[in-house]
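Colleague: Output the structure for:
(one chain, ligands or ions: 2)
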Amino acid sequence: MKEWMTMAEQTVDVAVVGLGPGGEALAARLAGAGLSVLGIESRLVGGECPYFACVPTKMMTRAADALAEARRAGELAGSVEVTPDWAPVAARIRDEATADWDDKAAVDRLLESGARFLRGTARITAPGELEVTGPDGTHTVTATRGIVLNTGTDPAVPPIPGLADGPVWTNREAVRATEVPESLAVIGGGPVGCEFAQVFARFGAEVTLLQSNARLLPQDEPEAGELLAERLAADGVAVRTGVKITGATHADGRVTLQVEGGEPVTAARVLVAAGRKTDMAALGLGVYGLDESAKGPEVDDRMRAAEGLWAIGDITGKGAFTHMSMYQAGIAGDDILGQETKADYRAVPRVTFTDPEVGSVGLSEAAAREAGLNVRTGTTQIPDSSRGFIHKLGNAGLIKLVEDAERGVLVGATSMGPGGGEVLGALAVAVHGEVPVDTLRGMIFAYPTFHRAISSALDDLRG
Ligand SMILES: Cc1cc2nc3c(=O)[nH]c(=O)nc-3n(C[C@H](O)[C@H](O)[C@H](O)COP(=O)(O)OP(=O)(O)OC[C@H]3O[C@@H](n4cnc5c(N)ncnc54)[C@H](O)[C@@H]3O)c2cc1C
Ligand SMILES: NC(=O)c1ccc[n+]([C@@H]2O[C@H](COP(=O)([O-])OP(=O)(O)OC[C@H]3O[C@@H](n4cnc5c(N)ncnc54)[C@H](O)[C@@H]3O)[C@@H](O)[C@H]2O)c1
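Modeller: Numbers count the residues shown, from 1 in each chain. Ligands and ions are numbered 1, 2, ... in the order given. Below you'll find the model as predicted:
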């Protein structure tokens, strides 16, 4: 194991700036391949996902789903008394997910791979040159083969007058919650807002979700956003879409949000889930002649942003998901190690872990039409399937397929329902493998599974 770096100047083959999921994996891989690699991280090795995002929030949704299932037992299986308790959730996130937000295990793993590690904030000062400011001073780093950026995003707090004058939760504070607020106003109806809104509502908070867009999950099919709004309402969330928040005041430990043309919302807490921001100027991207006002560098299909500069993860704008960060790390790693692999984004899957889960892959109907394809769609409702009928309570969901009729292949699909993210697997194979629709129609789908509903959606395909 190499020593923790303390020297002020060092030269390596590759510097990985920001150790999100992809950067961490890439640094270890390149070191394993014999390159000298320096991983630089200002906060926690592993990035947003393990400490503030995917893992803790999915522990929350797991717990909230357990409560919902227990509440359904009354009608299906006899009486159950449900008394929500946040303590086990908070303890699990602190102890099992984040080791109390300590990345020692991840740092050790990185050092054991042969990579070096430097804690600090990096800024590019010249091509292949970095200045890193951290707890033990300022270091200069020269990366002779190049720099990989995996700097991710920060939560964006919208410029609502007064909002930032008092305490505001983003995902980073919400995952540290040690108790459930009595009431919660959620700003934003994307994946983050919807997941948190349902979790806290199921644990007893009075939740209002304020979404500026006309619907929830605007990147998904409209049918999915509409059905999700219904299901959140059934959980007691007051869902308000198409709203404009014009101001905020903080008083007596409560926040009040003014809503244009509507009732103001007062809550004990406000959670901002209104998207993410980046700062390319702070990173010094202009050194490479790149646009510092952009959200991130443009990359080619090998993740190259410039000569000797690669970028992976959320900043590439190809989908802010951990699996994308890992996928792109593989592509960039191949390029650095001289293997020719090209990124292919035709079948990017994503899952919002609400109940019902909303999974989608490839193009939505609107995106396929915008791309000029001759589109046919097919839809089926999960409650109309045998498994949906059997499942009864909690069976809301749908499957929607988007076919390129010209080629007779699926270019997109949505799978919403119980285990919707798992059912998505079959659809992702179909889109990724460009399996002819006729071949899919000839498949035998096990009875009575949720995924068997795919065959009804195939039967429904029409122009
Ligand atoms: C609440 C929430 C839930 C989510 N749930 C899911 C989910 O279920 N599934 C999923 O696939 N995705 C989910 N995501 C998205 C997921 O967290 C990100 O896509 C994932 O973390 C990958 O991001 P990344 O690789 O770009 O880097 P990040 O994870 O954002 O890490 C970047 C790292 O770079 C560091 N850094 C930044 N600038 C510098 C600098 N100048 N010098 C040194 N270090 C720097 C940061 O400190 C950070 O640790 C969720 C996101 C949120 C907010
Ligand atoms: N399960 C997952 O894979 C998962 C889960 C969470 C987040 N993520 C990723 O993290 C990223 C961030 O998610 P997010 O939900 O924060 O962002 P987002 O950009 O997807 O959604 C933010 C929503 O907030 C709304 N909004 C913006 N400003 C507003 C305002 N002033 N008032 C009211 N509403 C406003 C927008 O209409 C938008 O729909 C996304 O790209 C997402 O893909 C993934």
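Colleague: Now the stretch 51-200 of the chain against ligand 1: closest residue?
Modeller: residue 152 (1.9 Å; Cβ to the nearest ligand atom). In short, each C-beta sits where N, CA and C put it, glycine included.
Colleague: In the protein, where is pLDDT below threshold?
Modeller: The chain contains residues with pLDDT under 70 at 1-7.
Colleague: could you list every residue that touches the spatially most central residue of the chain?
Modeller: Centroid-nearest residue in the chain: residue 321, 4.4 Å away (criterion: Cα atoms, centre = their mean). By Cβ atoms under 8 Å, 6 or more residues apart in numbering, residue 321 lies in contact with 348, 350.
Colleague: try residue 391
Modeller: Counting by Cβ under 8 Å, 6+ apart, the residues that residue 391 touches are residue 418.
Colleague: so which helix or strand takes in the residue nearest to residue 82 when sequence neighbours are not counted?
Modeller: What sits nearest to residue 82 in space, not counting adjacent residues and going by Cβ to Cβ, 6 or more residues apart in numbering, is residue 70, at 4.7 Å. For residue 70, the host element (DSSP states H and E) is helix 54-77.
Colleague: check whether that helix contacts ligand 1.
Modeller: Yes - Helix 54-77 reaches ligand 1 (Cβ under 6 Å from any ligand atom) through 54, 57, 58.
Colleague: How many neighbouring residues does the first one have?
Modeller: By other Cβ atoms under 10 Å, 18 other residues sit near residue 54.
Colleague: which residues of the stretch 151-300 of the chain fall in helices?
Modeller: 171-174, 191-202, 222-234, 280-283 (DSSP state H, counting those that start in this stretch).
Colleague: wait, does the third one contact ligand 2?
Modeller: In other words, helix 222-234. No - judged by Cβ under 6 Å from any ligand atom, helix 222-234 stays clear of ligand 2, getting no closer than 9.3 Å.
Colleague: quick one, what contacts the closest residue to ligand 2 within the stretch 301-450 of the chain?
Modeller: As assessed by Cβ to the nearest ligand atom, ligand 2 sits closest to residue 320 within the stretch 301-450 of the chain, at 3.4 Å. Shown in contact with residue 320 (Cβ under 8 Å, 6+ apart): 153, 276, 314.
Colleague: Would you agree the first one is in contact with residue 316?
Modeller: No - counting by Cβ atoms under 8 Å, residue 153 sits too far from residue 316 to count as a contact (11.1 Å).
Colleague: Would you mind telling me which of these two has the busier surroundings?
Modeller: With neighbours defined as other Cβ under 10 Å, residue 153 and residue 316 compare such that residue 316 has more, 24 against 19.
Colleague: Thought residue 299 was touching the more buried one, still the case?
Modeller: Yes - Residue 316 is within contact range of residue 299, at 5.1 Å (criterion: Cβ under 8 Å).
Colleague: sorry, back to before: just say which of the helices of the stretch 151-300 of the chain is most tucked in.
Modeller: Ranked by mean neighbour count under mean count of other Cβ atoms under 10 Å, the helices of the stretch 151-300 of the chain are led by helix 191-202, which reaches a mean of 26.
Colleague: what's that helix packed up against?
Modeller: helix 54-77, helix 171-174, strand 183-187, strand 206-211, helix 222-234, strand 349-352 (3 or more Cβ pairs under 8 Å, 6 or more residues apart in numbering; DSSP states H and E).
Colleague: how far out from the middle of the chain is it?
Modeller: How far helix 191-202 lies from its chain's middle: 14 Å, per Cα atoms, centre = their mean, to the nearest Å.
Colleague: does any bit of that helix sit next to ligand 1?
Modeller: Yes - residues of helix 191-202 contacting ligand 1 under Cβ under 6 Å from any ligand atom: residue 192.
Colleague: now check that helix, is it near ligand 2?
Modeller: Yes - using Cβ under 6 Å from any ligand atom, helix 191-202 reaches ligand 2 at 191, 192, 193.
Colleague: out of those, who's nearest residue 431?
Modeller: residue 191 (20.0 Å; Cβ to Cβ).
Colleague: And residue 138, its phi and psi?
Modeller: phi -110, psi 130 (degrees, to the nearest 10).
Colleague: Please tell me how far residue 353 sits from residue 157.
Modeller: 24 Å (Cβ to Cβ, to the nearest Å).
Colleague: Between those two, which is the more surrounded one?
Modeller: Of the pair residue 353 and residue 157, residue 353 is the one with more neighbours under other Cβ under 10 Å, namely 23 against 16.
Colleague: The more buried one against residue 198, yeah?
Modeller: No - counting by Cβ under 8 Å, residue 353 does not reach residue 198; the two are 9.3 Å apart.
Colleague: Give me the common contacts of the two.
Modeller: With Cβ under 8 Å, 6+ apart as the test, residue 353 and residue 198 both reach residue 61.
Colleague: which bits of the protein sit near ligand 2?
Modeller: Checking the chain against ligand 2 by Cβ under 6 Å from any ligand atom, the hits are 158, 187-193, 210-213, 218, 245, 273-276, 320-321, 350-353.
Colleague: hey, where'd the helices end up in the stretch 1-150 of the chain?
Modeller: Going by DSSP H, counting those that start in this stretch, the stretch 1-150 of the chain shows helices at 21-32, 48-52, 54-77, 87-92, 104-112.
Colleague: Nearest to ligand 2 within this protein, name that residue for me.
Modeller: Counting by Cβ to the nearest ligand atom, the chain gets nearest ligand 2 through residue 190, at 2.1 Å.
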